[in-house]
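Novice: All I have is the shape, not the residue letters:
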């Protein structure tokens, strides 16, 4: 094969700031390598200054970038790096424009950066697809407002580049739009004026997560073996709504004083302000040593697997969630799931079959679900087994990549016809 390079372009790719998008890209790259292709990650230096590295056999190249707004402070730039910043990287565009032996350009970002990927692909007469990781059609207004908060009040000088890259036309012009969440897929079909829209869910390395060590995880947390442990291993961010989990956990502890409960909140912190709110709630609710916060958890690491296995139930209380890859990780670890019934979680989790649902932002309902796990010893294992079976049926990375390969081939055929 001559054109074997597959260029994946996310907004950022920082190992220490791992999230669902990073997990998707990395695991797709592994599958594509197994098929004989050369997947690469090309991104900005946001939150990761190393220009070039090979991480677990996947080449990563990072480029200089900027936010085209006058007067941004260092704290505002950091906030945009953390979440949702509409950055500009002409260095990246130049490289994409001159890259050799490219089979396909795969953007995992929209706006100026995504537009630059499509522009490079069109100038090179190569197919281009874009994945929506839940960041356009299925985001609540409050969440969308918080993403752009850091750039408000600053004059934007980057609009000509948006026009040059036809950023607003990106989803109309690409050869395929991939949606990880089914609710976003349905909304995209209603809004976009073409039929090149696909639902491509996330997957999980089930074999890897099955190797978690519960004893080692409990030792790392300093939890007694008889403790009933709940936890959320995800970004510590208002979207994930860990504050609600703390409040629901406090009510659970108060309702059953004779039981030994523990709570884990782990994952990279995207908002220090939100973390302080959580710490304040823990102090106000007198939870003392019952809650462990562990921000330095690298995804798919041995520690990550062990901490998941240490739980008796995984809780995802998100305000919105396009898919919920952490649910798959919990199921693969043999842990039952409690999740809010919003977004992609509504379709991913079947209530009382492979998990428990509760109405979003309803702390008493979440407490009731946690109490069921504590009070019904057979319930959790049964839910976890059903979740593991669902993974094997629908959510292996091999199956996901097989669907993606069909989409790539359709995109290549469309490009030949243009």
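Specialist: Received it, and whenever you're ready, just let me know what you need. Keep in mind the model is a prediction, meaning the values are calculated, not measured.

Novice: the helices in the stretch 101-250 of the chain, which residues?
Specialist: Secondary structure of the stretch 101-250 of the chain (DSSP state H, counting those that start in this stretch): helices located at 111-123, 141-147, 159-164, 170-173, 182-191, 206-209, 214-221, 242-255.

Novice: what's the closest of those helices to residue 312?
Specialist: With Cβ to Cβ, the closest approach to residue 312 among the helices of the stretch 101-250 of the chain belongs to helix 214-221: 9.9 Å. Bear in mind the C-beta positions are built from the backbone N, C-alpha and C, glycine included.

Novice: List the buried residues in that closest one.
Specialist: Judged by neighbour count (16 or more other Cβ atoms under 10 Å), helix 214-221 contains these buried residues: 214, 216-218, 220-221.

Novice: burial measure for the residue lying closest to residue 49 once chain neighbours are set aside, as a count.
Specialist: Using Cβ to Cβ, 6 or more residues apart in numbering and skipping the chain neighbours, the partner closest in space to residue 49 is residue 62 (7.6 Å). Counted by other Cβ atoms under 10 Å, the residues lying close to residue 62 total 24.

Novice: Please name the bridge partners of residue 62.
Specialist: Beta bridges link residue 62 to residue 43 when assigned by DSSP bridges.

Novice: any idea of the pLDDT on it?
Specialist: For residue 62, the model assigns a pLDDT of 98.

Novice: roughly how far apart are it and residue 96?
Specialist: For residue 62, the distance to residue 96 equals 13 Å [Cβ to Cβ, to the nearest Å].

Novice: Secondary structure element holding residue 33?
Specialist: helix 20-34 (DSSP states H and E).

Novice: Quick check: mean pLDDT of that helix?
Specialist: 93.

Novice: Could I get the buried residue list for that helix?
Specialist: Within helix 20-34, the residues scored as buried using 16+ other Cβ under 10 Å are 20-32.

Novice: Next: stretch 90-106.
Specialist: Neighbour-count burial for stretch 90-106 [16+ other Cβ under 10 Å]: 91-93, 96, 99, 102-106.

Novice: Do I have it right that residue 415 meets residue 175?
Specialist: Yes: if you go by Cβ atoms under 8 Å, residue 415 and residue 175 touch, sitting 6.0 Å apart.

Novice: in the protein, which spans are strands?
Specialist: Using DSSP state E, the strands assigned to the chain run over residues 5-9, 38-44, 52-55, 58-63, 102-107, 128-132, 176-179, 197-199, 228-233, 261-266, 291-294, 313-316, 337-340, 356-358.

Novice: returning to that earlier point: what is the nearest of the buried residues of helix 214-221 to residue 353?
Specialist: Nearest to residue 353 among the buried residues of helix 214-221: residue 214, at 24.2 Å, using Cβ to Cβ.

Novice: can I assume that closest one is in contact with residue 309?
Specialist: Yes: using Cβ under 8 Å as the test, residue 214 is close enough to residue 309 to be in contact (4.5 Å).

Novice: What is the linear distance spanned by stretch 137-156 between its boundary residues?
Specialist: Using Cα to Cα, to the nearest Å, the end-to-end distance of stretch 137-156 comes to 24 Å.

Novice: going forward can the numbers begin at 52, since that is how I track them
Specialist: Happy to do that; since the first residue is 52 now, the last one works out to stretch 188-207.

Novice: show me the contacts for residue 434.
Specialist: Residues in contact with residue 434 (Cβ atoms under 8 Å, 6 or more residues apart in numbering) are 387-388, 403-407.

Novice: any shared contact partners between residue 113 and residue 147?
Specialist: Contact criterion Cβ under 8 Å, 6+ apart; residues shared by residue 113 and residue 147: residue 93.

Novice: residues contacting residue 284?
Specialist: Counting by Cβ under 8 Å, 6+ apart, residue 284 touches 315, 317-318, 348, 355, 358-359, 365, 377, 380.

Novice: Turn these into CSV, including neighbour count.
Specialist: Output for the contacts of residue 284, formatted as CSV (neighbours: other Cβ atoms under 10 Å):
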residue, neighbour count
315, 25
317, 22
318, 26
348, 17
355, 23
358, 27
359, 26
365, 27
377, 27
380, 28
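
Novice: State the pLDDT value of residue 189.
Specialist: So, for residue 189, pLDDT stands at 69.
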